[in-house]
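Peer 1: how would this look folded up:
(3 chains)
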Amino acid sequence: MKAIDIAIKDMRQSFRNKGAIVFMFVIPILITVLFYFMFGNVAGGDGEFTLPVTDVALVNLDQGEAPGFGSMGAFLGDALQGEDLADLVRVTEMADAAAARSAVDNQEAGVAVIIPAGFTGAIMGEGETAELELYRDPTLTIGPSIVSSIVSQIVEGMSAGNIGMGVTLAQLAEAGGEITPEMVQELVTTTMETAPAQQNGGLTTLQAPPGQEPSVEGSADQESGNELAQLLALILGGMMVFYAFFTGANVLNSILTEQEKGTLQRLFTTPASHMEIFSGKFIATMIILTVQIGVLLLFGRLAFHIQWGDPLPVAIAAAGLVLIASTTGLFLVSLLKDPRQAGIIFGGLLTLTGMIGLFTVFTASAPGTPQALETVSLLVPQGWAIRPFRQAMDGDTLPQIGLTFAVILLWSAAFFLIGQYRLRKRFD
Amino acid sequence: MTTSAATSNKRILDLAIKDLRQITRDRKSFIFLLIMPIAFTLLFGFAFGGNSTADSRLPIGLADEDGSELSARLAAMLGASEVVRIENEGGAAGLSQQVADEAISAAVIIPPGYGDSSLAGNPMAVMVVGGGQAGFTVDGEVQKYTARLQNAVQAANLSLATAVDQELVLTADQQAYWEDSFAAALAAWDSPPVIIRQDESSALSEEAQDTDTNYSVFAVTSPGMMSQFASAGLMGAAGILVVEKKTKSLQRLLTTNMSMGQILAGHFLAMFILIFIQLSVLILFGQIFLDLPYLGQPLATFLLTVMTALFTAGLGMLIGVAAKSEEQVVVLSLVPMFLLAALGGAWVPMEFTPQSFQRIALLTPLAWVMEGYKDILIRGQGMEAISLNLLVLLLYTAVLLGLAVWRFRVN
Amino acid sequence: MEEPAIRVEHLDKRFEAIHAVNDVSFTVQQGEVFSLLGPNGAGKSTTISMISGLLPPDAGDAFILGHSITRNGAEAKACTGVVPQEIALYEDLTARENLEFWGKMYGLRSQVLKDRVAEVLDMIGLTERQKDRIETYSGGMKRRVNIGVALLHKPAVIIMDEPTVGIDPQSRRHILDEVKELQAAGATILYTTHYMEEAQELSDHIAIMDEGRIIANGTHDELVRLVGSHDRIDVQLSAPSAELLEQWREIPGVSQVASDDGLITVLADDSNFVLPLLFEKANAHKERITAVDIQEPNLESVFLHLTGRALRD
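Peer 2: Next comes the predicted model:
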C-alpha cells in the first residue's frame, strides 16, 4: 500500500512538472505537426505527396527549321510550357544563356534549359552533334531531376526519329539502294511522327509495392494507404519511443533528486521499507509511461488518422515500450551519483541512442542507406522498442511480434536486474 | 580609452573567463558541444548515402519472364545503366516483396511475350514495382531503354520495308537485313544527335560530390547539425546564469562595482566565445575530414559563423535569464533546438516542403543560417550572397538580447 | 522498571579512515529531553542517523522503546518522528499534500489521517496556507512544516537534528518553545545541537560528544561540577601570540587556555587572582587586551576542560 502511496505522490509531481509535460506530450506532438505542415498536401487533402513546381529559365538559341515541322528548339520549348506539365514546371524565357545561368545562380530558377544553335540541324541529321545544357541549382535535387527527365524524354524521342531515319538510309546505301529527296522527306515524316510517340509512355507501368497499394476512394483502407498518414505514423511513433525513454529516466531520477533534498533519507526513517519505496517509484514510472503512450497513440489516431494496427499487436508494442523505457531509466539512474549528472547524461546519451535506434524512421524512404546502419540501430534499446510498432503497422503476425517482444523482455530484465542491484547496494 | 572604460572592459572579460572556466570544467558539456554534432553529422550523412565510395546507383531486382533476345537486350541495357544497378534476379513475387521490405528500390518485371509483342509493334508494358522518388526514377530509366528498343525495332522495320520496296533484299536475307538494321539502330545511341550536358555552379570538389544528388550530403548535414547543436550547447552556459541566481551569487555581483549591463555583457561574451569556438572546430572538421569548402570563402564563412554565434548567444542569454531552474534550461534549450532545426531545414532540405512552409521557415533564424552555409558550400558564393542573411541574424541577435535585458530588469 | 525511551549500546561507525562514532552508549528515559552537544564533526548526526534507521551501525545497537533498530527497524521507526537538519519536504506539493503523504508513510489512513493533518496544521499555524505549495513558503514556515511532519503519528520519541541552525532568532525561539510543549505533552526528545545555551535551556540530560566519543554525560549541574569551581575568563586580544598564551598557561591557577581567532578562553581557579597576571604578561608582550568577560562555569567550560578546545571550534 505504501508503494502505491509513493507512486501516487510521484505521479502527482510529474504531472505538475511543466518541463515533464513538454517532454512527454508537447514535443512529440509538435514535431509531428511540423512534419505534417512540411509534407502535408493541404490543398488536395488526399494525403498523397505532390512534387514541387520547378522554375525553369529557358533559352532557345536554335535558328533552324525542319521542313514541315518548324524549329525543333521551339517544339521542345513549347512542350515544356505545355498545360500537362504546368503542375511540374514554370517556364520563363530568357534572352541568352548568361541570363539563364544568372537566374539559377540568383535562385530565381531551379534549372536553366539552354537549347543550342544547330539543335534542329542535329535532329534532322544535317549538322554536328548538338549539346543541350541543363544548368542546375546544386542545392536542389527533385526539381532539376524532374526537368532533366522531361527534357531527356523529349530529346530522346527526337533523337529516335533521327536514328531511325539514319539507319534506314545507311542500310539502303550499303545495299546499293536509291535514295531520293522524296524518299528522304517521306522517311523524315514517318520517323518524326512515330518515334516521339513511342516515348510517351505505355511502355512501362509503375506499381506500388505490396502493402503500399493506393486504396479505393472512400474505402475503409483509404486511411492506411494514405502516404502522409504513413509518414506521420513513423514520425509520431519514433518521437513517442524517443521521448518515452526520457520519461522513464526523468521519473526515476527522482531517486537522486530526493536524495539530494533529503526526502529520500526521510522516507528511510519511516516504517516504509526500501523495497516499498523503490517499488513505488517504479510503479509510478510505468503508469506515467502508459499514460504518455496511450495519449500519443490516441492523438495520432484522431488527429492524423494514423492506423497503428490491430489492437493486440499495438498493445504488445506499447507494453514493450513501457517495460524497456522504465528499466532503461532504472539502469541509467543507478549509474549516476547526483542529479546534476542526470541532465547531460540523459540528454546526451538518450539523444544519441535514440537517434541511432530510430534510424529506420529517419531513413525510411532513403534508397542507398547502408544495411549496416540499420543493423546498428538494433544495438540500442530504442531500436528494439520501435520494431513492434512498425510490425503492427505492417500487419506482421503475432509470432513475429512476439519474438521482438521477447527480445525487449530480455533487455528489460537485464536493465532491471543491474539497476536494482546497484541501487540496493547503494542504499541498503 | 579612458581608465574607467578599460576597467569596465576588464571586469566584463573577467566575468566571461569565469563563466568559460566553469563550463569547460564540466567535461560532460563537451558531449553536446563537440562529440554529438560530429557524430550526428557523420551518422546522417552516411544514412542518406553520403559515402562517396559506395555505388550510389539505385539497387533494383530484375525478373525476365520472357526470355527472348529482346528481353535479354533490355536486361543488358539496364545492367550498363548509370542510374540503376541490378542487385538481384528472380521471380516477380519475391522481388516485389523485397521492394516492400526496402531491400531494393524497385523491381523490373519483363512480362512473358514482351519480345514477340515488341517485334509486332505493340509492345507489352514492362512492370516497375516501386514507390516514391526511387520508383519514379527507375520507371523513367526503364522507359528510356524500352523506348530505345522499340525505336530500334521500328527503325529496323522501316529499313527493311524500304529495302523490300526497292527489291534490294532477297526473302532469305530479310531476317539478317533486319537484324543488321536493328543492331545499327541500337548502336547509334552511343552517338546520339543531341547530348544533354548537366552543369551547375558548385563549390564542392568532384570527389566530395555524390552522383545522385550532385552534392555531398555532408554539405547539408554538417551545417545542419552544427546549427542544431549550437543551440543545445548553450545549455551549459545558460545553466550558469540560473545557478548564479539560485546561489545568490548574482545578487552578490550586483553589490560590487559591476553594473547590470556589465554583468550581462560578461555572460554574453562567454556564451559567444563558447559557441564561436564550437562552430569553428566543427567547421575545421568539415573542411579537413569531409572535404567541405568552408574556407573557400573565408570572409563569408567567418562572418556567418560570427553571426550564428551571436544570435545563439542571444538566445542563450534569454534562456538563462528566463529559466528558474537547471531543468527549465534543458527544456528551454532543447525545444527551440528541435523547432528551429526542423523549420530551418537542418533535418529535411527545404525543397521537399511546400512553398507555404518555406515562407514560414524564413521567419526563423536557422533557415537563414542554413541557406547561408549552403550558398558558401554548394553554390560557392561569398559575401554578395549572404549579406542579407547576416543582416537578418544581426536583427535576431538584437531582438533576443533586448528581450534578455528587459527580462533581467523585470526579475 | 520503565523501559527507557532510547537505549544506545556501543554504537560504532566508520567511514573509511574516519572513525565517526566510536563506541557510543547512552540512555534516554521516557519523557526526557536529552541533548547531544558537541562541535561540528563530533559525530552527532551520524549517531542520530543510526538511531533513526538511516545508517546501519558497524557495531552495537539502539533500542526505541525496546525495539531494536537493527532487528525490528519498522517497529522502531513507527515509534519515532525525525526532524532532519535540512528541510526535507516536497516543494512542488502543498503543505497539506506533504502532511498527508508522510502520514501515510507512518501508517495513518482515511479519517484518522485527515483529522491528524488538520490538528498538525493548526499546531504549526498553517491552516490557512495548507493549499499553497511549499516552494511559496518562507524559511520559517518551511521549518514548521518540517517539524509538523515528524509529529503526525504522535510518536513517543522525537529526534531533532540541529533544528535551529541558520534560522532567525524569532524562529529559533519558537522552536525551543515547541520542544518544551512537546515534552509537556509526554514526548521523549533526542536533540542534537552545538549551541550550549539550547542544551542548557532544554535538557534534562546532556551528553557531550567530541571526535566520535561521548566524553561526558549527565545533568547540567553534574557536568558543570566536573569543571569544579573554575571560572571562565574570555579575553579579547588585539594580536594574540603563541608565546603569550604559553606564558598564560604557566600562571598558577590556570588550568586551560584556548584560542579562537583573537578570543582567548581561560579556565582559572580564581579569576580575581589570575586576571591581573594576565594583564601583566600581556603588557610585557606589548599586547593589548581589548575586552574581558568573566563567566561562571558552564558547558563551554566543561568542553574546554575536557578537550582543551572551545565548543565553537
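Peer 1: C-alpha only now, for contacts and for neighbours.
Peer 2: Noted.
Peer 1: for the host helix or strand of residue B:18, list the C-alpha coordinates in CSV.
Peer 2: Per DSSP states H and E: residue B:18 is located in helix B:3-25. Extracted as CSV, the C-alpha positions of helix B:3-25 are listed here (Å, rounded to 0.1, in the frame of the first residue of the first chain):
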residue,chain,number,x,y,z
THR,B,3,40.8,54.2,-17.4
SER,B,4,37.3,53.6,-16.2
ALA,B,5,36.3,52.2,-19.6
ALA,B,6,39.3,49.9,-19.6
THR,B,7,38.5,48.8,-16.1
SER,B,8,34.9,48.2,-17.1
ASN,B,9,36.0,46.1,-20.1
LYS,B,10,38.4,44.1,-17.9
ARG,B,11,35.6,43.3,-15.5
ILE,B,12,33.4,42.1,-18.4
LEU,B,13,36.3,39.9,-19.6
ASP,B,14,36.9,38.6,-16.1
LEU,B,15,33.3,37.5,-15.8
ALA,B,16,33.4,35.9,-19.2
ILE,B,17,36.6,34.0,-18.3
LYS,B,18,35.0,32.8,-15.1
ASP,B,19,32.0,31.5,-17.0
LEU,B,20,34.1,29.7,-19.5
ARG,B,21,36.2,28.2,-16.8
GLN,B,22,33.0,26.8,-15.2
ILE,B,23,31.7,25.4,-18.4
THR,B,24,35.0,23.8,-19.5
ARG,B,25,35.5,22.2,-16.2
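Peer 1: list the buried residues of it.
Peer 2: B:8, B:11-13, B:15-17, B:19-20, B:23 (16 or more other CA atoms under 10 Å in any protein chain shown).
Peer 1: for chain A, state which of these is nearest.
Peer 2: Each of those was scored against chain A by CA to the nearest CA, and residue B:23 proved nearest at 12.4 Å.
Peer 1: that closest one contacts residue B:235, correct?
Peer 2: No - Residue B:23 is beyond contact range of residue B:235, at 9.8 Å (criterion: CA atoms under 8 Å).
Peer 1: report whether the helix holding residue B:18 contacts chain A.
Peer 2: No - judged by CA under 8 Å from any CA of the partner chain, helix B:3-25 makes no contact with chain A; its nearest approach is 12.4 Å.
Peer 1: what packs against that helix?
Peer 2: Packing partners of helix B:3-25 (3 or more CA pairs under 8 Å, 6 or more residues apart in numbering or on different chains; DSSP states H and E): helix B:218-246, helix B:260-289.
Peer 1: among the ones you listed, which is nearest chain A?
Peer 2: Using CA to the nearest CA, the helices and strands packed on helix B:3-25 put helix B:218-246 closest to chain A, at 8.9 Å.
Peer 1: now the closest one and helix B:260-289, what's the angle there?
Peer 2: Here helix B:218-246 runs at an angle of 150 degrees relative to helix B:260-289 (axes from the mean of the first three to the mean of the last three CA atoms, to 10 degrees).
Peer 1: roughly how far is helix B:218-246 from the heart of the chain?
Peer 2: 21 Å (CA atoms, centre = their mean, to the nearest Å).
Peer 1: point out where the chain drops to low pLDDT.
Peer 2: Answering for chain A, as no chain was given. For chain A, the stretches with pLDDT under 70 are A:40-51, A:191-201, A:211-226, A:344, A:362-373.
Peer 1: looking at chain C here, not the other one
Peer 2: If you take pLDDT under 70 as the line, chain C has these spans: C:227-229, C:312-313.
Peer 1: switch to 80 and redo it
Peer 2: C:1, C:166, C:225-230, C:238-239, C:260-262, C:295-298, C:300-301, C:304-305, C:308-313 (pLDDT under 80).
Peer 1: quick check: longest helix of it.
Peer 2: The longest helix of chain C (DSSP state H) is helix C:169-184.
Peer 1: okay, buried residues for it please.
Peer 2: Those buried within helix C:169-184 under the rule 16+ other CA under 10 Å are C:171-172, C:175-176, C:178-180, C:182-183.
Peer 1: do stretch B:270-286 as well
Peer 2: In stretch B:270-286, counting by 16+ other CA under 10 Å, buried: B:270-284, B:286.
Peer 1: just the helices in the stretch 151-300 of chain C please.
Peer 2: Assigned by DSSP state H, counting those that start in this stretch, the stretch 151-300 of chain C shows helices spanning C:169-184, C:196-202, C:220-227, C:242-249, C:271-284, C:299-307.
Peer 1: just want the angle from the helix holding residue B:18 to helix B:218-246.
Peer 2: Angle of helix B:3-25 versus helix B:218-246, following the same axes, to 10 degrees, is 110 degrees.
Peer 1: chain C contacts on the stretch 151-300 of chain A?
Peer 2: Counting by CA under 8 Å from any CA, the residues of the stretch 151-300 of chain A near chain C are A:261-263, A:265-273.
Peer 1: okay, the residues you listed in TSV with secondary structure and distance to residue B:169 next?
Peer 2: Shown next, in TSV, are these (DSSP: H, G, I helix; E, B strand; the rest coil; distance: CA to CA, whole Å):
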residue	secondary structure	distance to residue B:169
A:261	helix	102
A:262	coil	105
A:263	helix	104
A:265	helix	105
A:266	helix	107
A:267	helix	105
A:268	helix	106
A:269	coil	110
A:270	coil	110
A:271	coil	110
A:272	coil	106
A:273	coil	104
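Peer 1: and these as JSON lines, adding distance to residue A:57 and neighbour count?
Peer 2: Converted to JSON lines, these look like this (distance: CA to CA, whole Å; neighbours: other CA atoms under 10 Å in any protein chain shown):
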{"residue": "A:261", "distance to residue A:57": "67", "neighbour count": "16"}
{"residue": "A:262", "distance to residue A:57": "71", "neighbour count": "19"}
{"residue": "A:263", "distance to residue A:57": "71", "neighbour count": "19"}
{"residue": "A:265", "distance to residue A:57": "74", "neighbour count": "19"}
{"residue": "A:266", "distance to residue A:57": "75", "neighbour count": "22"}
{"residue": "A:267", "distance to residue A:57": "74", "neighbour count": "21"}
{"residue": "A:268", "distance to residue A:57": "76", "neighbour count": "21"}
{"residue": "A:269", "distance to residue A:57": "79", "neighbour count": "27"}
{"residue": "A:270", "distance to residue A:57": "79", "neighbour count": "29"}
{"residue": "A:271", "distance to residue A:57": "81", "neighbour count": "22"}
{"residue": "A:272", "distance to residue A:57": "77", "neighbour count": "22"}
{"residue": "A:273", "distance to residue A:57": "77", "neighbour count": "17"}
